[in-house]
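Asker: Sequence and computational prediction follow.
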Amino acid sequence: MSASTRHTPSRSALASRTAAIAVTALFAVNGLLLGGYGGSLPSLRVKLDLSYSDVAILLFCGGAAGILSMQIGGRLADAIGARTVSLGALQLIVLAALALGFAPGFAVAVVGAVLVGLGNGAMDVARTHWGSRWNRRAIGTS
């Protein structure tokens, strides 16, 4: 195949440096917020006078919400776009951090844990969807 007949795909928005930075930033923000959630559990336990079972319930609620959110987030990423889902999930995780930080009791902490799971699950799936599309475009396949 000669150079004149070879097809070179044009760079799309998904194959741009901005898209790569955005996906990397989402990984970083999500990881920091999720790590902050895990790291805050001992102090949250003391602040709210929770038992170890209560902390286990918080972890379970976050995990269960994450599993549910992954199922919905993937379908939403296909339907409305991974960027929209990622940015919406980011807002959920920020709300979760606020709910957990200002939780006056166990019930609000459970809501915060559920928001962590919902935001993290949706963002994981959307980010992976976005990253795989970016990667396919960057190497020239569709």
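Answerer: That came in fine, so what should we check first?
Asker: can we go C-alpha only for contacts and neighbour counts from here?
Answerer: OK.
Asker: Can you name the element that comes right after the host helix or strand of Ser53?
Answerer: Using DSSP states H and E, Ser53 maps to helix 52-80. The helix or strand immediately downstream of helix 52-80 is helix 82-101, counting by DSSP H and E.
Asker: who does the helix or strand following that next one touch, helix- and strand-wise?
Answerer: Per DSSP H and E, the first helix or strand lying C-terminal to helix 82-101 is helix 106-139. Using 3 or more C-alpha pairs under 8 Å, 6 or more residues apart in numbering; DSSP states H and E, the elements in contact with helix 106-139 are helix 17-48, helix 52-80, helix 82-101.
Asker: Could you rerun that using 6 Å?
Answerer: Other helices and strands packing on helix 106-139, by 3 or more C-alpha pairs under 6 Å, 6 or more residues apart in numbering; DSSP states H and E, are helix 52-80, helix 82-101.
Asker: of all these, which lies closest to Val110?
Answerer: helix 52-80 (5.7 Å; C-alpha to C-alpha).
Asker: What are the buried residues along that closest one?
Answerer: 55, 58-67, 69-70, 73-77 (16 or more other C-alpha atoms under 10 Å).
Asker: can you check stretch 86-93 too?
Answerer: Under the neighbour-count criterion of 16+ other C-alpha under 10 Å, stretch 86-93 has 86-87, 89-90, 92-93 buried.
Asker: Please apply the same query to stretch 27-42.
Answerer: Result for stretch 27-42 [16+ other C-alpha under 10 Å]: buried residues 30, 33-34, 37, 41.
Asker: got it, and stretch 97-108?
Answerer: In stretch 97-108, the ones that count as buried by 16+ other C-alpha under 10 Å are 97, 99-100, 103, 106, 108.
Asker: now for the residues you listed, which pair is the farthest apart?
Answerer: Maximum distance among the buried residues of stretch 97-108 (C-alpha to C-alpha): 14.6 Å, for Ala97 and Phe106.
Asker: Distance check, the closest residue to Phe106 other than its chain neighbours against Ala109.
Answerer: Leaving out its chain neighbours, the residue that sits closest to Phe106 by C-alpha to C-alpha, 6 or more residues apart in numbering is Leu48, at 6.9 Å. Relative to Ala109, Leu48 is positioned 9 Å away (C-alpha to C-alpha, to the nearest Å).
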